[in-house]
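Student: need coordinates for the following:
(chains A, B, C and D)
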Amino acid sequence: MEILKFTEKHTAFRERLRLFLEKEVVPLIPQCEKEHITPKSMWKKMGQNGFLCPTVPGEYGGPGLDFLYSVIVNEEMARISFTGLAAGLHSDIVVPYISAYGNERQKKYYLPECVSGDIIAAVAMTEPDAGSDVAAMVTTAVEEGDEIVINGSKTFISNGLNCDIVILAAKDPAIENKHQAVSLYIVEAGTPGFTKGAPFEKMGWNSQDTTELFFSDCRIPKGNRLGKAGDGFLMLMGKLQQERLVCSLGALFAAENMFNYTKDMCRNTLVDGRALSRSQAVQFALAEMATEIRIVKTFMETLVIDHMDCKQIISETSMAKYWTTDMVNRIGSRCMDLEGSAGSLETSPLVRQFRDNRVTSIFAGTNEIMKGIIAKMMQL
Amino acid sequence: MEILKFTEKHTAFRERLRLFLEKEVVPLIPQCEKEHITPKSMWKKMGQNGFLCPTVPGEYGGPGLDFLYSVIVNEEMARISFTGLAAGLHSDIVVPYISAYGNERQKKYYLPECVSGDIIAAVAMTEPDAGSDVAAMVTTAVEEGDEIVINGSKTFISNGLNCDIVILAAKDPAIENKHQAVSLYIVEAGTPGFTKGAPFEKMGWNSQDTTELFFSDCRIPKGNRLGKAGDGFLMLMGKLQQERLVCSLGALFAAENMFNYTKDMCRNTLVDGRALSRSQAVQFALAEMATEIRIVKTFMETLVIDHMDCKQIISETSMAKYWTTDMVNRIGSRCMDLEGSAGSLETSPLVRQFRDNRVTSIFAGTNEIMKGIIAKMMQL
Amino acid sequence: MDFELTKSQKQIQKAAKDFAKGEFDKETLLTLEKENCFPLSIWEKASDLGFVGIHFDDEFSGAGLGLFENVLLAEAFCAKDSSAGAALMLASHGSEMLLRFGSKALKETFLPRVAEGEMISSGALGEAGTGYGVATIATTALAQKDQWIINGEKAWVTNGGDAGFYLVLCVTDPDVAPEKAMGLFLVEKETPGITVTDSGRKLGCCMVKTATLTFDNVRVPLSNLVGKKGDGFAQVEGFLNEQRIVTAGIALGTAQGALERAVAYVREREQFGRKIARFEALRHKIATMAIQVDLARLATYRAASNFDRGKISQAETHMALEAAAAAAEAVADAAIQLHGGAGYITETGVEHFYRDAKFIGIHDSNQGLRLGSIANHVIGKLKG
Amino acid sequence: MDFELTKSQKQIQKAAKDFAKGEFDKETLLTLEKENCFPLSIWEKASDLGFVGIHFDDEFSGAGLGLFENVLLAEAFCAKDSSAGAALMLASHGSEMLLRFGSKALKETFLPRVAEGEMISSGALGEAGTGYGVATIATTALAQKDQWIINGEKAWVTNGGDAGFYLVLCVTDPDVAPEKAMGLFLVEKETPGITVTDSGRKLGCCMVKTATLTFDNVRVPLSNLVGKKGDGFAQVEGFLNEQRIVTAGIALGTAQGALERAVAYVREREQFGRKIARFEALRHKIATMAIQVDLARLATYRAASNFDRGKISQAETHMALEAAAAAAEAVADAAIQLHGGAGYITETGVEHFYRDAKFIGIHDSNQGLRLGSIANHVIGKLKG
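Tutor: Now for the predicted structure:
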């Protein structure tokens, strides 16, 4: 049953993207992985070629396409397993804060450059002591005349070093209720008092400039508040559905990619002259993985449809997030098992993709948080 | 995303069936479980009320409904966990052999009574030494003039004792190629030389009259051959898609039913004054089970659509069969864990439903056979 | 470290295996299982041979051996037949409380009867609504002149109805903290005021009865207090720890028995022109089963061995039980699958291993309780 | 049975833990790991303290102890740091073949250098396309007058490039069955004709080098044949069995270390106003991890203990390795998850436990090989 109806235009877009990635991006990956950063020029090329922010409307400089184009970008990025160009993060997770909550001025000002790749965007929620417990954040934003003064720090910020703007969550210390104290702000790189740390060394996402952000009496205009004061939590919650959906899709596509590599590898690898895939145990392992992936892929496709139909699918996206990101780790591990010795070297594409995906069960809300949400939605 | 479009008519049918089962069937279950057989009168009542063979066309005495009615019957039967009235087996697995391969005379002769419940049908493929390896069957069917003479025995035949007709697979000993030697025959109960064993004692399906069938110089008219001589295997294979689909749906519905019971039980069971569902570990277990079920349910619904659209979905139904029947065992086991002591007594509805479903990963092709098929379809 | 049984342990193990081989008639046991009946005559023979109460002192008709030897019996019996093995091992249920804490007079009166196959014993501890715990029980025993008067209801009573006496946990001092509020009382079967309600057919271990017992002004002599007033809770906790190691032995034997049946079957069964033991995926399944059984054995033997050395650890007990219960369930499940359709048929003698395994894993404790106990040990006390 | 370490084993264990605590500087090790460098100075200190070649005879600068003690070292070192621990334990890779089968002269020349931290050793056994086996190798050694001439290519050579000498498995008699066709040769690093190609960055155990070695008319003296011609295959099989028990010890320590880090973290980390160690689902996760580690320990200790007693069993070895490798992977994975975002950051010192665990589980054998070996034992020979 065909659930996602990709048109010829979608397919052409996908092919154009695939060619672009193969030619312009893939050759640079090793260098980016080594340097823990991806050159801004690559972001610009992505933007110039129309691969960023597909859903931003024409009036703000975007192509005004449907969400299926985002799905395509996420799938093609997963195929090359390249986290430095976190297009999904930029286009489908961060920029939507501006599209959805920005006022006309903010949208006109920022969106065109987000689309063109001249602005790389990040979102900053997490703090050292406020991970799963977002409400525990201590970064403050205090109004002083026409300005907002920000103090505090954020951590594990993807696109952190490259980012030209950051959507920052901070609280008004004067308001006692934690959930009503938080607002969102657009902070531009280069604003005095806003500094960035060095990229973290991580298990994966090595081409990603994940870092800490520091704010010390950082003053921004009042007009850079996104939405209403105190609505920060509601806005964050409002965007989680798409964030988790995109995260799940990425995990699914990565799992598929690792599986396909492994299936071919088992067909082509001879041990003592016999293909690995002639082993019954290998066949069963591949059959089991194929089944897992096939089943949840159908589910994910229906969620994409529901999401495009603006349905509230909080429980379902939490399920998808938990299940697909656990699955991608499970599949990656089994694939490496099947590859054996060769799967223990970085020359195997499995290794980087596995390392990259290990974080997906942690970010965008840990899978433990997901289970808590599912339980809550069941009124347990 | 609504995949199966149930109309008001479907819903009314479901409600009528549910009431019927509650009133006419459920009270008799304990007795049937004890006696390892279900009275034929119950089959007749099912038929009289229009709950058997929903898809048989009007010209053969059936209601000519779509396959969604079969899905409804399977779901409602799973809700009451009653294997004695194996309506799915009769309506969706055995009778289709006649609908699809019978000649006009056979269809006119048998189908109306299959619909009315006057005929209970069984299919006999398995032999003691031919389980997964169907081709190893030794039961023979030899043409002698206008008659076919059958010798051999079959085992694990559901509806075996009750059956009025059996679709029998037997081979012509004169043909060497195992796969071309098999034909299907309709054998009526009461035919001299056709005898039935006693119902097996089993782990579950205790209201089911599963038994052995014996054929000793059993003579049937040549006209009782179903389809062409030598096409037995092809016909058997041709019906496996629906058989496995129905089997998977049953497993899914059973899992859902056990889960729902358990969720309510955890909400309502107080231990030292606190509801079990307040335990985080219990919440996570329920969230995990809810996720598993939700994901594969979507997949199953798309398979129903594909099946109704006459698509060939051999690999997908094999995946579904393997995954759902493993899942129902896993879910049943976890549900019993959560219920604890009370889940170790037959007074818990979990226990019978678990015992009944344990066979689903074995019948209709073991899950090992399923994995082999999936691997084969991947050309491993 | 030493992973070998002693010579005498090997002899006991062999004797137990021989006994089970000789006395566990398959048809008889299938009938007993179906009819929820205790294997009385086998138990009597087992006691004649000294298998019952092997861990009781000599003076009480025991063999003066340890929990370890009792676990070896559980394993050997259950490997041959999990239902019968569990019934034999549970026939002396609760009697360890008498053995460890009872007065000489009580022990002299009752323990030999258990060991000699005259009387089944039973611990009546938990109640409805207390889960697996005994911290909030409501059954009371109040001293009145020369008697204790017991009122209340006990749930999940093993051997309820079959036992000759019950060790009943009661609150004697409702006003103090639960840990100090309880006492344990020996109540004979025929004492007026006891009503037994059988819990009916179970998922597994069907040769052992489970019942609810109500006590309506049941009077027992003062001397039937086992140990000291106020010690009941601690005594029961200690007993449960010991009992759970035996239960781990039962689960271990169940796992072992299921594995043996599976191996025997795949070595004989032919499909597609060869023994199914030649199919690689099935071989790997058997290997996985064997690992589970073996690890469960190591954990169970360690818990039993350390118990006998006085190194008693709740965490080791629960690790043993969790490993063995999980192994029993997984291995029995896999054994059914490997048997195909035959595995589902009662006569084949495999499916009841699964039912027994699952019963063992959830009846007296479940995974949640076991993991919680292990976590307490591993994580330790927390500040703040 | 006895599940206690002896007093001297406890002392060795404590000494190893103290050594790791004192010498494993976190920052240094993170750098070495990142740069794929062997921890040379730590290894030299370890050898000064007698940890290297603890199982060599005294006359070869060893401590005359057993595999069991070597496993205790592996566990203690890897619990502190899996990457460094693995590197220390694998530095003497292959030298057991020399120890067990070498001539006195060869042993006297080379073993003390290994034990004294002068020379790393290496077994060069497998080849491309042979999977984990050595039954179909193509590298040849042909005797010519007073020399052996070696030609061929060895893959997956542990310590390739870092080692001072290699023990190279070669076919000496191409015409006989593989089990009788091979011999083992000691080849010094500087021998002309050897080319080392490093395999590059690995998934884990990055302080140990892996390389491909080509031998182009490499000439070694006749006396460098280790043991007898024709015995090579059996020698390597025996070595692999011993090595895999050490590897199980490495995996065990990796699992233990990951567990310790996770427990420490959940005891400290606060979210939602309380220590996350108070959340029941996380507690159960910790308990599950603890069970896995504990079962792996029992299986590993048993394999090592029985090996030292001469009761050598492929099945016990593979059970130990499978249990330990699975535990290491699962526990390290859970440890990352329990750390949340911090678990993914290298500096935290948890993620490399996962990578090391997975590497250990697939580099020298994988689950398929282990299960296959266990199945052979459990199922036994088949007729027909």
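Student: name the helix or strand for A:V142, please.
Tutor: Applying DSSP states H and E as the criterion places A:V142 in strand A:140-144.
Student: can you list the residues of the stretch 201-350 of chain C near chain A?
Tutor: For the stretch 201-350 of chain C, the contact set with chain A under Cβ under 8 Å from any Cβ of the partner chain comprises C:279-281, C:283-284. The way it works is simple: take the backbone N, C-alpha and C, and place the C-beta from them, glycine included.
Student: where does the prediction get shaky in chain A?
Tutor: Within chain A, no stretch has pLDDT under 70.
Student: are we agreed that C:C37 is in a strand?
Tutor: No. Counting by DSSP: H, G, I helix; E, B strand; the rest coil, C:C37 is not part of a strand but coil.
Student: give the contact list for it.
Tutor: C:C37 makes contact with C:31, C:207 under the criterion Cβ atoms under 8 Å, 6 or more residues apart in numbering or on different chains.
Student: is chain B within reach of the lowest-mean-pLDDT helix or strand in chain C?
Tutor: Every helix and strand of chain C was ranked by mean pLDDT, DSSP states H and E. The lowest is helix C:178-181, at a mean of 94. No. Using Cβ under 8 Å from any Cβ, helix C:178-181 never reaches chain B; the gap is at least 10.5 Å.
Student: rewinding a little: contacts with chain D among the residues of the stretch 201-350 of chain C next to chain A, please.
Tutor: Counting by Cβ under 8 Å from any Cβ, C:280, C:283-284 from those sit close to chain D.
Student: now the helices: where do they sit in chain C?
Tutor: Assigned by DSSP state H, the helices in chain C fall at C:7-23, C:26-34, C:40-48, C:67-80, C:82-90, C:95-101, C:104-115, C:178-181, C:232-268, C:280-308, C:314-339, C:341-344, C:351-363, C:367-379.
Student: in terms of mean pLDDT, which of these ranks lowest?
Tutor: Set side by side, the helices of chain C give their lowest mean pLDDT on helix C:178-181, at a mean of 94.
Student: so what touches that helix?
Tutor: C:135-136, C:171-175, C:230, C:232-234.
Student: now whatever residue of the stretch 51-200 of chain C ends up closest to chain D, nearest residue through space, not along the chain?
Tutor: Among all residues of the stretch 51-200 of chain C, C:F68 sits closest to chain D, at 7.7 Å; criterion: Cβ to the nearest Cβ. Distances taken as Cβ to Cβ, 6 or more residues apart in numbering or on different chains put C:A304 closest to C:F68, at 4.3 Å, once the chain neighbours are dropped.
Student: quick one: the one you found from C:A320, how far?
Tutor: Separation of C:A304 from C:A320 (Cβ to Cβ, to the nearest Å) stands at 8 Å.
Student: when these two are compared, which one has more neighbours?
Tutor: C:A320 (34 against 27; other Cβ atoms under 10 Å in any protein chain shown).
Student: doesn't C:S305 make contact with the more buried one?
Tutor: No. Counting by Cβ atoms under 8 Å, C:S305 is not a contact partner of C:A320; they are 10.5 Å apart.
Student: check contacts around the closest residue to chain A within chain C.
Tutor: At 4.0 Å from chain A, C:E280 is the closest residue in chain C, using Cβ to the nearest Cβ. Residues in contact with C:E280 (Cβ under 8 Å, 6+ apart) are A:279-281, D:372.
Student: and those, which two are furthest apart?
Tutor: Greatest spatial distance among those (Cβ to Cβ): A:Q280 and D:G372, at 11.2 Å.
Student: so is stretch A:333-344 next to chain C?
Tutor: No. Judged by Cβ under 8 Å from any Cβ, stretch A:333-344 and chain C are separated, with a smallest distance of 12.0 Å.
Student: do stretch A:126-141 as well
Tutor: No. On the criterion Cβ under 8 Å from any Cβ, stretch A:126-141 is out of touch with chain C, staying 14.4 Å away.
Student: touching that stretch from outside, list them.
Tutor: In contact with stretch A:126-141 (Cβ under 8 Å, 6+ apart) are residues A:125, A:148-157, A:168-173, A:178-179, A:182-183, A:185, A:215, A:233, A:236, A:365-366, A:368-369, D:270-273, D:340-341.
Student: separate out the buried members of those residues.
Tutor: For these, a burial check counting by 16 or more other Cβ atoms under 10 Å in any protein chain shown picks out A:125, A:148-157, A:168-172, A:182-183, A:185, A:215, A:233, A:236, A:365-366, A:368-369, D:271, D:340-341.
Student: which elements pack onto the helix or strand hosting A:R355?
Tutor: Assigned by DSSP H and E, A:R355 falls within helix A:349-357. Other helices and strands packing on helix A:349-357, by 3 or more Cβ pairs under 8 Å, 6 or more residues apart in numbering or on different chains; DSSP states H and E, are helix A:232-268, helix A:314-339.
Student: quick one: the first one to helix A:314-339, angle?
Tutor: Angle between the axes of helix A:232-268 and helix A:314-339 is 30 degrees (criterion: axes from the mean of the first three to the mean of the last three Cα atoms, to 10 degrees).
Student: is chain C within reach of helix A:232-268?
Tutor: No. Against chain C, helix A:232-268 shows no contacts by Cβ under 8 Å from any Cβ, the least distance being 13.8 Å.
Student: can you give me the buried ones in that helix?
Tutor: A:232-236, A:239-259, A:261-263, A:265-267.
Student: one step back: please give me every residue in contact with the residue nearest to C:F68.
Tutor: Contacts for C:A304 (Cβ under 8 Å, 6+ apart) come out as C:66-68, C:70-71, C:245, C:248-249, C:320.
Student: cutoff 10 Å now
Tutor: Contacts for C:A304 (Cβ atoms under 10 Å, 6 or more residues apart in numbering or on different chains) come out as C:66-72, C:74, C:242, C:245-246, C:248-249, C:316-317, C:320, D:1.
Student: and if you look at A:A198?
Tutor: Going by Cβ under 10 Å, 6+ apart, the list of residues near A:A198 reads A:36, A:160-161, A:209, A:211-212.
Student: and it, how far is that from chain C?
Tutor: In this view, A:A198 and chain C are 33 Å apart by Cβ to the nearest Cβ, to the nearest Å.
Student: going by secondary structure, that residue is in what exactly?
Tutor: Per DSSP H and E: nothing holds A:A198, as it lies in no helix or strand.
Student: so which bits of the helix or strand that the helix holding A:R355 is followed by are buried?
Tutor: Later in the chain than helix A:349-357, the nearest helix or strand by DSSP H and E is helix A:367-377. Neighbour counts over helix A:367-377 (16+ other Cβ under 10 Å) mark A:367-375 as buried.
Student: among these, which are in reach of chain D?
Tutor: Restricting these to those within reach of chain D (Cβ under 10 Å from any Cβ of the partner chain) leaves A:367-369, A:371-372, A:375.
Student: ok, those vs chain D, which is closest?
Tutor: A:E368 (6.6 Å).
Student: so what's that closest one closest to, chain neighbours aside?
Tutor: D:A281 (6.6 Å).
Student: can you give me the neighbour number for that neighbour?
Tutor: For D:A281, the neighbour count with other Cβ under 10 Å is 19.
Student: ok, the one 3 residues further on next?
Tutor: The local packing of D:H284 (other Cβ under 10 Å) involves 22 other residues.
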